[in-house]
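[1] A predicted structure for the sequence below; I have some questions about it.
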Amino acid sequence: MRGRVLVLLLGLLIALPVPRAMGQDSPAAPDDGGGADVGEAADSAQPVQLPGRVVGDLNLRSAPAVRADTLIRTLHHNEAVWVAESVVGEDGDAWYRMGDQEYVHAAEVRLPQPPPQTFPGRWIDVDLDEPASLTAYEDDQPVYSALAIKGRALSETPAGQYHIRRRVEDETMDSETLGIPHDDPHGYYLEHVLYTQYFTDDGASIHYNYWSSDFGYPGSHGCLGLSEEDAAWFWNWADTGTLLNIHG
């Protein structure tokens with residue numbers, strides 16, 4: 001009897017793995033889709049709720065981790081994003097969550113920084129620190145932000161508080177109207193410049209800049225150059241009298 005019981009006990013020990021092979025649930029396989037990263041990120045989340053722009057090319061990922069299985073697609077320079085919250089990624093760096101399982105590395109996103117002061121109603125904050133940006137505010141709430149080409153060293157965008165003086169939807173910009181020959185280093189002749197909103201007497205303005213896409217960096221004669229989509233947005237949102245607060 002004792003020998004038989006011993007055999008049965010050994011049989012039980014040996015048979016322990018058998019029920020799993022016969023169809024019982026097995027332990028979960030390692031999650032290679034980033035699920036653990038999302039859970040850990042949620043624990044570190046801090047609300048942001050700001051419009052932003054991509055600086056350079058940037059990979060959109062399904063989790064805050066740089067792995068082949070998290071890549072969704074590539075975002076491009078000056079592409080608009082809405083940042084919901086900030087999280088700590090697998091690499092220990094700050095990441096931004098934009099949507100459900102949509103993350104980007106925070107270092108490559110330009111968010112509006114707290115302005116020096118706020119104003120009632122609609123107004124535009126112009127931050128000349130690179131990459132330069134325009135942010136539309138309604139009272140103290142940012143509603144839209146875009147990268148902008150700013151003035152070069154010899155013709156910097158003027159700092160200070162200004163108001164939109166006049167607006168021209170489609171025009172030819174000619175430096176000779178300001179007494180500057182076309183062959184002068186400050187000269188220019190540009191046809192079909194869209195959505196121009198002047199804020200100084202000497203021609204500084206917000207406008208569509210179709211001859212360059214280096215948004216965020218110096219490249220103008222003092223104007224604030226935008227993509228066509230962004231210039232159209234500010235044209236439709238702003239009006240004569242809208243305040244610009246320019247600083248850097």
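    All right, it came through fine.
[2] Check whether the most centrally placed residue in the chain sits in a helix, strand or coil.
    With the centre of the chain defined as its mean C-alpha position, the nearest residue by Cα atoms, centre = their mean is Arg53, 2.2 Å away. Under DSSP: H, G, I helix; E, B strand; the rest coil, the three-state class of Arg53 is strand.
[3] who does it bridge with?
    Ala80, Arg110 (DSSP bridges).
[4] Identify the residues contacting it.
    By Cβ atoms under 8 Å, 6 or more residues apart in numbering, Arg53 lies in contact with Asn78, Glu79, Ala80, Val81, Val109, Arg110, Pro131, Ser133, Ser145, Ala146, Leu147, Gly216. Where C-beta positions appear, they are placed from N, C-alpha and C, glycine not excepted.
[5] at 7 Å what do you get?
    By Cβ atoms under 7 Å, 6 or more residues apart in numbering, Arg53 lies in contact with Asn78, Glu79, Ala80, Val81, Arg110, Ser133, Ser145, Ala146, Leu147.
[6] Just give me the neighbour total for the fourth one.
    In terms of burial, Val81 registers 22 neighbours under the definition other Cβ atoms under 10 Å.
[7] ok, now the third one?
    Using other Cβ under 10 Å, Ala80 has 17 neighbouring residues.
[8] quick one: Gly52 and Val83 touch, right?
    Yes. At 5.2 Å, Gly52 counts as touching Val83 under the criterion of Cβ atoms under 7 Å.
[9] the more surrounded of these two?
    Comparing Gly52 with Val83 by other Cβ under 10 Å, the one with more neighbours is Gly52, at 26 against 18.
[10] pLDDT wise, what is that one at?
    Looking at Gly52, its pLDDT reads 98.
[11] do the same with Leu12
    At Leu12, the pLDDT recorded in the model is 37.
[12] With the one 3 residues further on instead?
    Ala15 carries a pLDDT value of 38.
[13] shaky segments in the chain?
    1-42 (pLDDT under 70).
[14] same thing but at 50, please
    1-36 (pLDDT under 50).
[15] per the record, what domains does it have?
    37-110, 122-247 (automatic domain parsing).
[16] can these go into TSV with extra columns for distance to Pro116?
    Shown next, in TSV, are the domains of the chain (distance: least, Cβ to Cβ, whole Å):
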stretch	distance to Pro116
domain 37-110	17
domain 122-247	6
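[17] Much appreciated, bye for now.
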